[in-house]
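Student: fold the following, please.
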Amino acid sequence: MYSNHGFESSSVHEVYEVDPRPLFERVDRVYQKMRARNIIPANVEVSTIQRVLLPKVRKFLLANMPNSASALALETAAYKPENSLALFHNGEVQGVLLSRRIGKLGYTGLRVVADHLRGGFGWANLLLLRTSLHSGLQTGLEVSRFEF
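Tutor: Below is the predicted model of the structure:
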């Protein structure tokens, strides 16, 4: 459509919308199995991003963000610290989920975990997703959007 006017696509931006209730049920089943098998380390903590954590979170994102993500876009995407999460393992930031909320709609724009936690069982990614969904459902979340 736009190629007729001299434009060409340089990337694809996909947004998926899901009902968070059945998604949480599926994710929680996997989480419970991982917990029962001690796959998720005991010394892991997930918390909302407090202002005091912002420098550590920014440093983590700059070091671990996929090359396709733009740091400038992150700074202007209206993500809210109170809707976003940081995952700590051994006291260090090892994962970040950036999100914003508009009424009953939650929008997750970025979920990043440290290189050494990618692949395998994917417990860090699962834990961020589960925590985000659980928190959202407790506060009336009805629609979740995820960006890829």
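Student: what residues sit buried inside the longest strand seen in the chain?
Tutor: The longest strand of the chain (DSSP state E) is strand 92-102. Buried residues in strand 92-102, counted by 16 or more other Cβ atoms under 10 Å: V93, Q94, G95, V96, L97, L98, S99, R100, R101. (Glycine included, C-beta is placed from N, CA and C.)
Student: and the residues you listed, which two are furthest apart?
Tutor: Q94 and R101 (23.8 Å; Cβ to Cβ).
Student: circling back to that earlier point, pick the one among the buried residues of strand 92-102 closest to R21.
Tutor: Minimum distance to R21 across these is 16.4 Å, recorded for R101 (Cβ to Cβ).
Student: so what's that closest one bridging to?
Tutor: G106 (DSSP bridges).
Student: ok, back up a step: for R111, state which of the buried residues of strand 92-102 is nearest.
Tutor: Using Cβ to Cβ, L97 comes nearest to R111 of the buried residues of strand 92-102, at 4.7 Å.
Student: got the contact list for the closest one?
Tutor: Taking Cβ atoms under 8 Å, 6 or more residues apart in numbering as the criterion, L97 is in contact with S84, L85, L87, T108, L110, R111, V112, L128, L129, T131, S132.
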